[in-house]
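**Q** how would this look folded up:
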Amino acid sequence: MAGLERSVLVLSGVVCVVLSSSTAWSQESYRVPDELTQQPLLPEAMQARPARILSLSEAIQLAVQQNLGITLTREQYVAARSQIDVQWGRSFEPVVRATYSASETTTPPTLSLLQNGDQAIVLNTQGGSWAAGVTQTLETATQLTVGYSSLRQLTRPGQSAPLVYNAGLNFTLTQPLLRGFAFDMAVPRQDVLRARFDSDRAGQDARAALIAAVKSTDDAYWDLVQALKSYSIQHDSLRLADEQLALTQRQIDAGILAPSDLITVESTQAQRAYSLLQAESQVGTASDVLRTVLNMPRGDWERPLLPVDPPQFMERTMDLDTICAVALTNRPEVAQARIDVDKAALNVRVAKVDRLPQLDAVFNYGLAGQGVTYADAANQVFDTNLPAWTATLNFSWSPLMKASQANVESLRATESAKHTQLEQVRVSLYAELRNDLRNLDFAARQVRAAAKFRDLAQRALDAEQRKFLNGNNMSNNILVALKQDQLAQAQLAELAAIIGHHKASTAIDAAMGVLLDQRNIDLKAGR
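**A** Numbers count the residues shown, from 1 in each chain. Next up is the predicted model:
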């Protein structure tokens, strides 16, 4: 028997030995049976209300828009994203300051004048001043300040020109040279960078939640399809029992069978009616699971859900190294682990710079003016006739550096731990992808094995029914019922295998981190 292969199928206690051509069940030849691709049958108890027609793409859109877990993580991502602007504003946004003050001072005569008998003069000074300026910190940690001030002073009595105006314009530049400064700008921008790391991590959290929700929706949708198709199979099985009961009754009426044969057929019919009720219960449970995932309004929970996408089978050939490379690029957990490594490295860099002494260069340049009117004082300032400047170096240092050195060592250990965690994620991801790839291959082989069993069960039932109709003594109602049960089991097994292959395919897309791209879902748009 060249070109033939021997297969042993074991399903629900039934063993079938199959001799078939090695090419009879090739990948190209398999097609999902028509009875599994037809629109599913709703249980009679659910047909009182109009059904909610639902495609898989529509179900996923509803989940993306309404799922509470996705909504929560997206809100957290938006909040974390806004912290980038918050930290940039705190660090580099210009700050405008203005002050105004009024004063009055009465000065008694000096004691020496009183002792010498001179005329005592009490001075009364009234004044008002204002100042305004703007301070800007650059991303190089350079701080620039520009300020203008004005003072009005009136002194009584005893002065020929008691009213005096003073004005000044000052420019100040402060530049850290050691602590708080780095040429790559990472240290001055540390707060903004940390906020960006937190934002990116929150974005990956939202992406992971979206992937999980899409996968859950996909699984729940196909679970409902499987439940409805299982109900249809059980319904057809009950119909066969009804037909067999009618046939047996006619044969009893014709005197071909004994009346006692009716008990066996009625028992089979009752058992299948009970199985049909169980299948109806599974439809209700699967429907509620999908409604929960979609976060449907309470008013829609009484409407039955009717999925319209038929189960399909598409073989996928994938290489482990290739899908690992894709996963390392797209998986949110890997991206988060890398973000943690980068953030830990920034903390170490900042801590190293903080060990350095504080050395700041400060340069101040000012222009002054004075006059009996405000205009005279201001003109003198802008005529630049009275310039003044100072240059200062401020130095401070804690030479023992115990705290700063210990902080560096602690952060280095944290950075090393983050590298280890990244490696753990890679190892776990490799094991997960191996398992998912194995499950995908196993699911495909299960589909083909179940298809063989279903085909043989159908043939066996047809043969047994022909023998029963022909009055063959080797056939009876028990054998016909057994073959009908075997066909129903085979159909259920094939359906479960096809749905299992759907889920395995979705699982490997989720494990690679490409599920959102496969379903054309944008995280920012939320659809």
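**Q** For Val187, which three-state class applies?
**A** Secondary structure of Val187, reduced to three states by DSSP: H, G, I helix; E, B strand; the rest coil: coil.
**Q** repeat for Asp184
**A** State at Asp184, reduced to three classes by three-state DSSP: coil.
**Q** Pull the number of nearby residues for it.
**A** 8 (other CB atoms under 10 Å). Bear in mind the C-beta positions are built from the backbone N, C-alpha and C, glycine included.
**Q** Quick check: phi and psi at it.
**A** phi -90, psi 0 (degrees, to the nearest 10).
**Q** ditto for Arg338
**A** phi -70, psi -40.
**Q** tell me the pLDDT at the residue nearest to it when sequence neighbours are not counted?
**A** Leaving aside its sequence neighbours, Arg338 sits nearest to Leu422 (CB to CB, 6 or more residues apart in numbering; 6.5 Å). pLDDT, Leu422: 96.
**Q** How about stretch 63-75, which residues are buried there?
**A** The neighbour-count check on stretch 63-75 (16 or more other CB atoms under 10 Å) flags 63-64, 67, 69-71, 73-74 as buried.
**Q** quick check, nearest of those to Gly127?
**A** Within the buried residues of stretch 63-75, proximity to Gly127 (CB to CB) peaks at Arg74, which comes in at 58.0 Å.
**Q** Quickly find the element holding the closest one.
**A** Assessed by DSSP states H and E, Arg74 sits inside helix 68-92.
**Q** what's next to that helix, contact-wise?
**A** Residues from elsewhere that reach helix 68-92, judged by CB atoms under 8 Å, 6 or more residues apart in numbering: 63-64, 136-139, 188-189, 191-192, 194-196, 198-199, 201-203, 205-206, 209-210, 212-213, 295, 523, 526.
**Q** Can you pull out the low-pLDDT segments for the chain?
**A** Filtered on pLDDT under 70, the chain yields the residue ranges 1-28, 108-124, 156-162, 523-527.
**Q** again, only this time at 50
**A** For the chain, applying pLDDT under 50 flags the ranges 1-27, 113, 525-527.
**Q** May I ask you to name the longest helix in it?
**A** If each helix of the chain is counted by residues according to DSSP state H, the longest one is helix 402-469.
**Q** what's the following helix or strand after that one?
**A** Heading C-terminal from helix 402-469 (DSSP H and E), you reach helix 477-512.
**Q** Which ones among the contacts of helix 68-92 map onto helices?
**A** Residues from the contacts of helix 68-92 lying in helices, with DSSP H as the criterion: 63-64, 191-192, 194-196, 198-199, 201-203, 205-206, 209-210, 212-213.
**Q** What's the local residue count around Val308?
**A** Using other CB under 10 Å, the number of residues around Val308 comes to 13.
**Q** got the phi/psi numbers for it?
**A** Dihedral angles for Val308 - degrees, to the nearest 10 - are phi -110, psi -10.
**Q** Contact partners for it?
**A** Val308 makes contacts with 39, 53-55, as judged by CB under 8 Å, 6+ apart.
**Q** one more time with 10 Å, if that's ok
**A** 39-40, 51, 53-56, 58, 225 (CB atoms under 10 Å, 6 or more residues apart in numbering).
**Q** Restricted to buried residues, select these in ChimeraX.
**A** Here is the ChimeraX command that selects the buried residues among the contacts of Val308 (16+ other CB under 10 Å):
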select :40,54,56,58,225
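**Q** okay if I get the contacts of Val308 as CSV plus secondary structure and distance to Arg291?
**A** Listed next are the contacts of Val308 as CSV, based on DSSP: H, G, I helix; E, B strand; the rest coil; distance: CB to CB, whole Å:
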residue, secondary structure, distance to Arg291
Gln39, coil, 20
Pro40, coil, 17
Ala51, coil, 13
Ile53, strand, 15
Leu54, strand, 10
Ser55, coil, 16
Leu56, helix, 15
Glu58, helix, 14
Val225, helix, 15
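**Q** and which of the contacts of Val308 is nearest Ala246?
**A** Using CB to CB, the contacts of Val308 come closest to Ala246 at Pro40, 26.3 Å.
**Q** ok, and the closest non-adjacent residue to that closest one?
**A** Leu228 (3.5 Å).
**Q** which ones are touching the one you found?
**A** Per CB under 10 Å, 6+ apart, neighbours of Leu228: 39-43, 46, 279-280, 282-283, 286-287, 304-307.
**Q** buried subset of those residues?
**A** Buried members of those, counted by 16+ other CB under 10 Å: 40-43, 46, 279-280, 282-283, 286-287, 304-307.
**Q** Can you tell me how far the residue nearest to Pro40 is from Ala443?
**A** Distance of Leu228 to Ala443, computed by CB to CB, to the nearest Å: 20 Å.
**Q** what's the straight distance from one end of stretch 182-200 to the other?
**A** Distance between the two ends of stretch 182-200: 24 Å, counting by CA to CA, to the nearest Å.
**Q** returning to what we had before: the residue nearest to Arg338: neighbour count?
**A** For Leu422, using other CB under 10 Å, the count is 18.
**Q** for Arg459, same thing?
**A** Per other CB under 10 Å, the neighbour tally for Arg459 reads 12.
**Q** now Val372
**A** Using other CB under 10 Å, Val372 is surrounded by 12 other residues.
**Q** That one reaches Val164, doesn't it?
**A** Yes. Contact criterion CB atoms under 10 Å: Val372 and Val164 qualify, at 6.8 Å.
**Q** Next, the contact list for Ser267, please.
**A** Contacts of Ser267 by CB under 10 Å, 6+ apart are 241, 477-478, 481.
**Q** Test my guess that Gln136 contacts Phe171.
**A** No. Counting by CB under 10 Å, Gln136 stays clear of Phe171, with 11.7 Å between them.
**Q** list residues touching both of these two?
**A** Residues touching both Gln136 and Phe171 by CB under 10 Å, 6+ apart: 144-146.
**Q** top of those residues by neighbour count?
**A** With neighbours defined as other CB under 10 Å, the most crowded of the shared contacts of Gln136 and Phe171 is Thr145; it has 17 neighbours.
**Q** Confirm that Glu302 sits in a strand.
**A** No. Counting by three-state DSSP, Glu302 is not part of a strand but coil.
**Q** what about it, how many neighbours?
**A** Glu302: 9 surrounding residues under other CB under 10 Å.
**Q** Touching, it and Arg49? I think so.
**A** Yes. Counting by CB under 10 Å, Glu302 touches Arg49, with 6.2 Å between them.
**Q** if we can go back for a sec, now the two most distant members of the contacts of Leu228.
**A** Gln39 and Gln282 (18.3 Å).
**Q** before we move on, back to that, put the buried members of the contacts of helix 68-92 into a PyMOL selection.
**A** Selecting only the buried entries of the contacts of helix 68-92 in PyMOL, with 16+ other CB under 10 Å as the criterion:
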select buried, resi 63+64+137+188+189+191+192+194+195+196+198+199+201+202+203+205+206+209+210+212+213+295+523
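**Q** For Ala388, which three-state class applies?
**A** Relying on three-state DSSP, one would call Ala388 strand.
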